[in-house]
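Chemist: what's the 3D shape of this:
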Amino acid sequence: MKRYHIVALLLFCCAGFTAFKTIETRVYKKRLFRGGPTGTVYIIIDKSDYELQVYDEEGWYATYPVVFGNKDLGDKMMEGDRKTPEGTFRVLSKKPHAKWHKMFMLDYPNAESVAKFNQRKAQGIIPKGAKIGSGIAIHGTWPNDNIVVDDFTNWTNGCIAVKNEDLDDIESYLPVGTKVIVRR
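Modeler: Numbers count the residues shown, from 1 in each chain. So this is what the prediction gives:
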């Protein structure tokens, strides 16, 4: 093999490895020195970083990649805008789902969400006839469709989508009632 063929092959391999490595960095990271989380668990979902971060009594425990609804990562304004609401919520229930593997329903709209919605309506930011919406959850993806999370494809109607295997992992230590903070 000639020298320029070897260089070209090395460049091709390195480029392929870089692309693979980029996807691999989106795989969850976990505190490894001990078993599961300790004590009370809570979640922070950072929309700007496309991450779901799990914390326990000792601090950070794990990070998982996520995607949302609208490409506009702003706060949910009204029903139908496909935006993911920001604020502090609680997990109301965990159940299997026929399309999206599992769903962890959030208590949206809660008092905080209703107050923001009413204030925006009063200020004329949203139409007087607008509705607040409901049915926000943390859920999985279509079977074998993790690429939507890996390539940052926002596809939900305002929910938070997680890879199915990550959702299984999270479910193993996430009780109903867990606090979930969604921020930008």
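Chemist: every contact and neighbour count from this point should use C-alpha atoms.
Modeler: OK.
Chemist: for residue 173, give me its contacts.
Modeler: Contacts for residue 173 (CA atoms under 8 Å, 6 or more residues apart in numbering) come out as 36-37.
Chemist: what stretches of the protein score poorly on pLDDT?
Modeler: Within the chain, the ranges that satisfy pLDDT under 70 run 1-28, 33-34.
Chemist: could you redo the last one with a cut-off of 50?
Modeler: 1-25 (pLDDT under 50).
Chemist: mind listing the strands for it?
Modeler: 29-30, 42-46, 51-56, 59-67, 87-97, 101-106, 137-139, 160-162, 179-183 (DSSP state E).
Chemist: residues making contact with the second one?
Modeler: The set of residues external to strand 42-46 that reach it, using CA under 8 Å, 6+ apart, is 51-56, 178-184.
Chemist: direction included, what does it pair against?
Modeler: Within its sheet, strand 42-46 is paired with strand 51-56 (antiparallel), strand 179-183 (parallel), according to DSSP bridges.
Chemist: residue 85 against residue 76, yeah?
Modeler: Yes: the pair formed by residue 85 and residue 76 meets the contact definition of CA atoms under 8 Å, at 4.4 Å.
Chemist: list the residues that contact both of these two?
Modeler: In terms of CA under 8 Å, 6+ apart, residue 85 and residue 76 are both contacted by the residues residue 158.
Chemist: which residue is nearest the centroid of the chain?
Modeler: residue 66 (3.2 Å; CA atoms, centre = their mean).
Chemist: before we move on, back to that, distance to residue 127 added to the strands of the chain, as JSON lines?
Modeler: Output for those, formatted as JSON lines (distance: least, CA to CA, whole Å):
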{"stretch": "strand 29-30", "distance to residue 127": "42"}
{"stretch": "strand 42-46", "distance to residue 127": "28"}
{"stretch": "strand 51-56", "distance to residue 127": "31"}
{"stretch": "strand 59-67", "distance to residue 127": "27"}
{"stretch": "strand 87-97", "distance to residue 127": "22"}
{"stretch": "strand 101-106", "distance to residue 127": "25"}
{"stretch": "strand 137-139", "distance to residue 127": "25"}
{"stretch": "strand 160-162", "distance to residue 127": "25"}
{"stretch": "strand 179-183", "distance to residue 127": "24"}
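Chemist: nice, that's everything, thank you.
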